[in-house]
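[1] predicted coordinates and the sequence they were generated for:
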Amino acid sequence: MPVTKSEPIIVLVTAPGLREGSRISKEIVTSRLAACVNIISGVQSLYRWNGKIVQEKEVMLIMKTTRRRYRKLEQKIKQLHPYEVPEVIAIPLIRGLPQYIEWVEREVANK
């Protein structure tokens, strides 16, 4: 189903550390695929990978973008990310300060 309006979303991505998270974030914002990325350090992740339980320190990237830009954002993350299967999860943004939402939409508009 085609997206007919910009519809703001939040995209969560984990990265292996601050350096890598900052590099990915800068590329994403520079490419206008997200208006803003928050980098939260000190995240402890526990997951099963290749049959083993793994616990790692990571950073969480919280990206603000629109549904219209999601596919290109996902492709760029896969291109930049060192993980074989990076965490990329999109969450609908139900409400927000209208001026902030308008700013997000302007920043990620195709120019």
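    Noted; the coordinates are in hand.
[2] just checking, Tyr47 touches Val54?
    Yes. Counting by CB atoms under 8 Å, Tyr47 does reach Val54; the two are 5.8 Å apart. (C-beta placed from N, C-alpha, C; glycine too.)
[3] which residue sits farthest out from the middle of the chain?
    Gly51 (26.7 Å; CA atoms, centre = their mean).
[4] and that residue, what pLDDT?
    The per-residue pLDDT reported for Gly51 equals 96.
[5] where does pLDDT dip in the chain?
    Scanning the chain for pLDDT under 70 picks out the ranges 1-5, 111.
[6] tell me which stretches of it form helices.
    With helices called from DSSP state H, the chain shows them at 18-30, 67-80, 98-108.
[7] next, count neighbours for the residue nearest to Arg69 when sequence neighbours are not counted.
    Nearest non-adjacent residue to Arg69, counting by CB to CB, 6 or more residues apart in numbering: Val108, 4.8 Å away. If you count neighbours by other CB atoms under 10 Å, Val108 ends up with 26.
[8] contacts only, for Val108.
    Under the criterion of CB atoms under 8 Å, 6 or more residues apart in numbering, the neighbours of Val108 are 6, 32-35, 65-66, 68-69.
[9] what's the answer for Glu27, then?
    Glu27 neighbours (CB under 8 Å, 6+ apart): 76, 80.
[10] next, the distance between the ends of stretch 85-101.
    30 Å (CA to CA, to the nearest Å).
[11] mind listing what's buried along it?
    Residues 86-88, 93, 101 are the ones in stretch 85-101 that count as buried (16 or more other CB atoms under 10 Å).
[12] want to try TSV for those, with distance to Lys26 as columns?
    Below are the buried residues of stretch 85-101 laid out as TSV (distance: CB to CB, whole Å):
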residue	distance to Lys26
Pro86	16
Glu87	19
Val88	17
Leu93	22
Ile101	23
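[13] out of those residues, which is nearest to Lys78?
    Pro86 (6.7 Å; CB to CB).
[14] isn't that closest one right up against Thr14?
    Yes. Judged on CB under 8 Å, Pro86 makes contact with Thr14 at a distance of 7.3 Å.
[15] residues in contact with the nearest residue to Glu87 once chain neighbours are set aside?
    Spatial nearest neighbour of Glu87, excluding adjacent residues (CB to CB, 6+ apart): Thr14 at 4.6 Å. Listed by CB under 8 Å, 6+ apart, the contact set of Thr14 reads 43, 45, 58-61, 86-87.
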